Structures are given as structure tokens and as C-alpha cells.
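> just to be clear, the model below is a prediction. Sequence and coordinates:
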Amino acid sequence: MGFPGTWMTESESVVYRVVPKCACSTIGQILYYSDHGQFFDGDIHDAKAGLHKWSLEASQPLIEANAKAHKSYAFTCVRNPYTRILSSFFDKICGIQRNGSRYRGNLVPMLIQKYGIEVGGADGTEEFDQIASFRRFLLFARDSIRWRRPMEPDIHWSAMSGHVSTYIVNGGRYDAIFWTEAFNDGLGKVLTQIETPHPVDLATIPRFNESEGHGPKRLHPVEDYFDDLSMHLVYEIYKRDFDMFKYDARDPSNKMPVGEIDLNEVHAKLGE
């Protein structure tokens with residue numbers, strides 16, 4: 001299986017396990033900048049050079065050798081499951097992607113037909129009941145993750161613990177896991193532990209939110225989208241995420257973690 005979703009700077013200063021919808025565009029651009037002194041011109045997910053990625057065949061032996069020998073500092077970043085699934089809905093389901101099309105072609109028409117969701121019309125600009133549609137999307141997310149139907153789960157709403165675990169199971173070890181909600185503090189600590197060809201000043205680095213503007217604007221506070229049933233569904237889907245990364249499953253309005261991540265616990269439980 002190797003190390004899917006793993007990126008590494010060309011200088012091998014640091015290794016990063018990408019978790020979708022967890023500031024990965026910004027982190028990728030910062031890693032690129034730390035080697036080259038400039039940002040990648042475009043979406044960092046499209047970069048085919050300047051950053052080692054497991055998806056690039058030539059990068060695979062370098063990443064594998066580094067990860068298994070733990071030659072470089074390795075980290076990942078996680079996010080509150082409530083805000084992450086909500087962001088996935090507005091970006092991937094309601095939004096028009098950067099190629100001008102709907103995400104995954106026939107996915108949205110299938111959701112409209114089978115689950116009765118609305119997405120704001122052909123271009124996502126029409127008014128619709130965001131709360132009702134999101135709760136129906138949650139049913140689909142649960143079906144795809146729990147029973148793998150009507151399709152395999154998508155990386156943007158499959159559990160973070162699943163992404164994080166592949167790095168451990170295949171022989172890697174994390175030195176840090178930090179929260180998107182405390183981004184500067186978390187990534188700042190990573191940067192103090194590594195030596196980069198170009199210094200990074202987090203205070204002046206822009207945020208690269210590549211999904212921003214794809215879909216309709218969220219009209220309500222996070223907690224309004226989750227009633228008792230949807231909270232139950234979210235906990236059913238993301239129980240390990242709440243437990244491992246110390247988020248509050250009982251209060252969707254509290255996006256901040258409620259405890260410290262225990263790296264030993266993460267390696268023991270996600271490495272099984």
C-alpha cells in the first residue's frame with residue numbers, strides 16, 4: 001500500500017500526511033515555499049514538480065525510504081468533524097469545481113435523485129434549504145462509509161483517522177499532529193523543529209483556501225445544521241476522529257478541541 005496522501009519537501013526537511021479538508025492547500029504551499037522561496041502558481045494539488053508526492057511515481061521510493069527510516073520530522077493536521085463534513089458539503093456537493101464541472105461527474109445528480117438533496121440549481125446560486133439538504137447528504141455520507149453504497153466513500157468525507165492511520169500501518173511515525181483550529185500555533189511548532197532552505201514567517205503567509213468560492217455561502221451557524229439525528233450520524237461515522245483528536249461530539253457549536261492529542265495513543269490505536 002505504501003504511503004498514499006503523503007507529501008515531502010524536495011530537501012526532505014519534513015514529511016506531511018495530507019488529510020483532505022484540513023488546511024492541506026495552505027500547508028502544501030508553505031512546504032513548497034520553504035524549499036523554493038516562492039509559492040506554486042496555482043492549486044498546489046496540481047503541482048507535478050517542486051514537491052514530492054506519493055501520487056508521483058518518481059517520488060514513491062524517496063518517500064518510502066524516508067518514512068520507514070523516520071529520517072525527517074513527520075506531521076499531519078486534523079479538523080473538527082462537524083465543520084469538516086459541512087465544508088465538504090458546500091465545496092464538493094454544492095460547488096462548481098475549478099474545472100467548471102460538478103464534483104465527480106454524476107455524483108450530484110445521483111444525490112438529487114436518490115436522497116432528494118438540493119444544491120442551488122445548475123450553478124449553485126439559487127436559494128435552497130441548506131439545512132434540509134445537508135442532513136440528507138449526511139445520510140448518503142453514512143451509507144457510503146458504513147456500507148460502501150451507493151458508492152465507495154470519498155476522501156473528503158471519509159474519517160480523518162483512516163487517512164492518518166495509513167502512514168502508521170505502513171511503517172511511519174508522526175512527530176506532531178495539530179489542529180486546523182490552532183493552525184499558527186501547531187504549524188509554528190513544526191517549523192521550529194525543522195531546518196528549511198527558506199525561512200517561513202507564518203504571520204505573513206496568506207491562506208490558500210482553494211475551495212472558497214466554489215459553492216454557496218453557508219447561511220447559518222454550524223450548530224443549526226445538526227439536530228439530534230444528524231449529531232448521532234456524525235458520531236457514528238466519526239467516533240474515532242472525536243476520540244483520537246479530542247473534539248467535542250456533544251456540542252457542534254464548539255469547534256475547538258477539548259483535550260490534548262496523545263501521540264502514543266494515536267500510534268497504538270491507529271496502527272492496529
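Arrived safely, thanks for sending.
> from what I see, residue 39 and residue 32 are in contact.
Yes. Contact criterion C-beta atoms under 8 Å: residue 39 and residue 32 qualify, at 6.4 Å. Every residue, glycine included, has its C-beta placed from N, CA and C.
> have a look at those two and say which one is more surrounded.
residue 32 (20 against 15; other C-beta atoms under 10 Å).
> which SS state does the more buried one fall under?
helix (DSSP: H, G, I helix; E, B strand; the rest coil).
> can you tell me the closest non-neighbouring residue to it?
residue 40 (4.9 Å; C-beta to C-beta, 6 or more residues apart in numbering).
> now do the contacts for that neighbour.
Going by C-beta atoms under 8 Å, 6 or more residues apart in numbering, residue 40 touches 28-29, 32, 47, 50-51.
> among those, find me the one that's closest to residue 179.
residue 28 (17.7 Å; C-beta to C-beta).
> alpha carbons of the helix or strand hosting the closest one, in CSV - could you do that?
Per DSSP states H and E, residue 28 falls inside helix 24-36. Extracted as CSV, the C-alpha positions of helix 24-36 are listed here (Å, rounded to 0.1, in the frame of the first residue of the first chain):
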residue,chain,number,x,y,z
CYS,A,24,-4.0,21.0,3.1
SER,A,25,-3.7,23.7,0.4
THR,A,26,-2.1,26.2,2.8
ILE,A,27,0.2,23.6,4.3
GLY,A,28,1.3,22.3,0.8
GLN,A,29,2.1,25.9,-0.3
ILE,A,30,4.1,26.5,2.8
LEU,A,31,6.1,23.4,2.2
TYR,A,32,6.7,24.4,-1.4
TYR,A,33,7.7,27.9,-0.3
SER,A,34,10.1,26.6,2.4
ASP,A,35,12.1,24.9,-0.4
HIS,A,36,11.8,27.4,-3.2
